[in-house]
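J.: coords below, sequence missing:
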């Protein structure tokens, strides 16, 4: 059982992406708050809420094993005493593929719990690039 | 000039979606905090930060005029004294189109300012439905 305590939101974020790269489900779930209110949205996907759903969503993703390299760009942080909101571009490279995947834009929210900083929300969405979007993107509506 | 003060995050959210439906840019920007840290992500799009960028992004969208009907479903609220995080499915219907557009999943963050509750972040992402996703969705990576 992992009992690591994260002293800062940045520590929690680093652990989150390291667990993702290593496909380590236990380490991944150790970053999340143990709370029914946690929310996780994977790119193009629906909302997962609560520990059981969020854990199952990551189990399926991480079951593919490691092989993903993540490079974070342009992290913008809005920090409070109890909550920290990060907005970051995730650049993903898949092992064996020459071209990096389209970047993903993530909103990560961390809260200070009695066990240190934990993730409350991860909302990741695909960035439709000009090359990928031959038709007008859905953003035309919104 | 609009000087409305929102007493609750719910009031701010209601004003946000009403401004969106009415294509009212002044009312839309009156909901946002007057802050360089505001962040807005439209479905499939990149990140807009700060009042000028966020305003320009909405100017382009709202220039298409009203005609959009929004129906919010499943709002999940994580509320604090100074910050409130909402996760909501936006069901959009475009005037003249029989079928509703694919739903959009939005994370909305409101903060308590000295001018009442204002929007700090809006992160909206397309929900790829089974019908829309004939190929494996990008979520396979994430």
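T.: Perfect, I can see it now. Since the model is a prediction, treat every value here as computed from it, not as a measurement.

J.: for chain A, what helix or strand is lowest in average pLDDT?
T.: Counting by mean pLDDT, DSSP states H and E, chain A has its least confident helix or strand at strand A:68-79, which shows a mean of 90.

J.: In chain A, what residue comes closest to chain B?
T.: Using CB to the nearest CB, the closest approach of chain A to chain B is made by residue A:125 at 3.2 Å. The C-beta positions use only the backbone N, C-alpha and C, and glycine is treated the same way.

J.: Please report how far that residue lies from residue B:113.
T.: Using CB to CB, to the nearest Å, one gets 27 Å for the distance from residue A:125 to residue B:113.

J.: before we move on, the earlier item: now check the least confident helix or strand of chain A, is it near chain B?
T.: Yes - with CB under 8 Å from any CB of the partner chain as the measure, strand A:68-79 is seen reaching chain B through A:68, A:74, A:76, A:78.

J.: The helix or strand following that strand to strand B:83-94, inter-axis angle?
T.: Using DSSP states H and E, the next helix or strand after strand A:68-79 towards the C-terminus is strand A:83-94. Going by axes from the mean of the first three to the mean of the last three CA atoms, to 10 degrees, strand A:83-94 is angled at 60 degrees with respect to strand B:83-94.

J.: Could you list the low-confidence segments of chain A?
T.: Within chain A, the stretches with pLDDT under 70 are A:1-2, A:129-142.

J.: Now do the same contact list for the spatially most central residue of chain A.
T.: Central residue of chain A (CA atoms, centre = their mean): residue A:122, 4.9 Å from the mean position. When contacts are counted by CB atoms under 8 Å, 6 or more residues apart in numbering or on different chains, residue A:122 touches A:16, A:39-41, A:106-109.

J.: which residues of chain A fall in strands?
T.: In chain order, chain A shows strands spanning A:39-41, A:47-49, A:68-79, A:83-94, A:104-113, A:116-126, with DSSP state E as the criterion.

J.: Residue A:23: which of those is closest?
T.: Minimum separation from residue A:23 across the strands of chain A (CB to CB) falls at strand A:68-79, 7.8 Å.

J.: Wait, residue A:119 touches residue A:110, no?
T.: Yes - if you go by CB atoms under 8 Å, residue A:119 and residue A:110 touch, sitting 5.7 Å apart.

J.: quick one: common contacting residues for these two?
T.: Both residue A:119 and residue A:110 are in contact with residue A:12, where contact means CB under 8 Å, 6+ apart.

J.: ok, the nearest residue to residue A:118 once chain neighbours are set aside - contacts?
T.: Nearest residue to residue A:118 in three dimensions, chain neighbours excluded: residue A:33, at 3.8 Å (CB to CB, 6 or more residues apart in numbering or on different chains). Residues near residue A:33 by CB under 8 Å, 6+ apart: A:111, A:113, A:118-120.
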